[in-house]
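Q: I would like to see how this sequence folds:
(one chain, ligands or ions: 1)
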Amino acid sequence: MDIQLRVENVSKTFVLHNQNGTRLPVFHDISLTVAGGECVALNGHSGSGKSTLLRSLYGNYQPDGGHIFVRHRGGWVDMVSADARDVLQVRRYTVGWVSQFLRVIPRISTLEVVIQPLLEQGADRQESEHRAGELLTRLNVPERLWSLAPATFSGGEQQRVNIARGFIGDFPILLLDEPTASLDVANRNAVVQLIQEAKARGCAVVGIFHDEEVRQTVADHDYMMAIAATDREVTA
Ligand SMILES: Nc1ncnc2c1ncn2[C@@H]1O[C@H](COP(=O)(O)OP(=O)(O)OP(=O)(O)O)[C@@H](O)[C@H]1O
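A: Model prediction:
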């Protein structure tokens, strides 16, 4: 399969401006590639920078140096230097983000929340609703909830609505931030199956999976975050 994501020599240091400009190096010189159909799991102890790297891949954090090339509509976009407009285009068509947390928008129904990414990609409403219904059913979100806004849903229900929303778009690259955290076994298995199906259709996946069994099932490779937090030199 073709390479979809190329991370080259990426480093990140947080500068805490409200704490005397303290510099907190998180990772240094990370390089990795992810091909279509492949899943790379970011691994390493708590605080080793997994979330920071994943957020950098999505353009949420600005690395200090290096490149994050994503294959976008036949070309390459470097998320490190891309302007905001290009980052938004990449997020609309190319890179999907699935986390355990739903950003609840008041008064918008569950079905509407789930279909939004697909509509933004230009899909037909009826087909989008059909696909959303399939996903919500697989994730055990009862149909009586679909017309309600998820603001009042339980944590687990919101999480499953968010996963349906994350998997509905036909993204060539998916970034998964602990998508199975705190799900019960049946729903965890449903998410594992969604990940396997995404890989089978050629999606390149990068994820953080604290659940060892899930990681072993879906990941083709582990990327070990190298620098131990305790070894990092924190300077002010
Ligand atoms: N926005 C931020 N500003 C300053 N420091 C941050 C910020 N986000 C993360 N950090 C620091 O960067 C380091 C790496 O955090 P990160 O959340 O990436 O680790 P992680 O490997 O995902 O941890 P966990 O497994 O516990 O979720 C931590 O020391 C954290 O305190």
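Q: CA atoms for contacts and neighbours, from now on please.
A: Will do.
Q: The residue most central in space within the chain: which element?
A: Residue closest to the average C-alpha location in the chain (Cα atoms, centre = their mean): L175, at 2.6 Å. Using DSSP states H and E, L175 sits in strand 173-177.
Q: when you scan that strand, is anything in it near the ligand?
A: No - applying Cα under 6 Å from any ligand atom, one finds strand 173-177 separated from the ligand by no less than 9.0 Å.
Q: residues making contact with that strand?
A: Strand 173-177 has contacts (Cα atoms under 8 Å, 6 or more residues apart in numbering) with 4-5, 36, 51, 54, 58, 94-100, 203-209.
Q: ditto for stretch 161-171
A: So stretch 161-171 is contacted by 93-102, 110, 113-118, 121, 131-132, 135-136, 139, 141, 150, 179, 191, 194, 203 (Cα under 8 Å, 6+ apart).
Q: buried set for it?
A: 161-171 (16 or more other Cα atoms under 10 Å).
Q: Now render those as TSV, adding pLDDT and distance to the ligand.
A: Compiled in TSV, these are given as follows (pLDDT from 0 to 100; distance: Cα to the nearest ligand atom, whole Å):
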residue	pLDDT	distance to the ligand
V161	94	22
N162	92	19
I163	94	19
A164	95	23
R165	94	22
G166	94	20
F167	95	22
I168	95	25
G169	92	25
D170	86	26
F171	95	23
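Q: Among these, which lie within helices?
A: 161-168 (DSSP state H).
Q: Tell me the one of these nearest Q19?
A: The nearest member of these to Q19, counting by Cα to Cα, is N162 at 34.8 Å.
Q: Tell me how far the helix or strand hosting Q89 lies from the chain's centre.
A: Here Q89, judged by DSSP H and E, is contained in helix 84-93. Mean-position distance between helix 84-93 and its chain equals 15 Å (Cα atoms, centre = their mean, to the nearest Å).
Q: how near is P179 to V206?
A: Taking Cα to Cα, to the nearest Å as the measure, P179 falls 11 Å from V206.
Q: dump the residue contacts of A226.
A: A226 is in contact with 27, 44, 48, counting by Cα under 8 Å, 6+ apart.
Q: Quick one: name the residues of the chain near the ligand.
A: Close to the ligand, as judged by Cα under 6 Å from any ligand atom, the chain has residues 14, 26, 45-52.
Q: Can you say which of those are buried?
A: Of the residues of the chain next to the ligand, these count as buried by 16+ other Cα under 10 Å: 14, 26, 48-52.
Q: now the helices: where do they sit in the chain?
A: Under DSSP H, the chain gives helices at 50-57, 84-93, 110-120, 125-138, 155-168, 185-200, 212-218.
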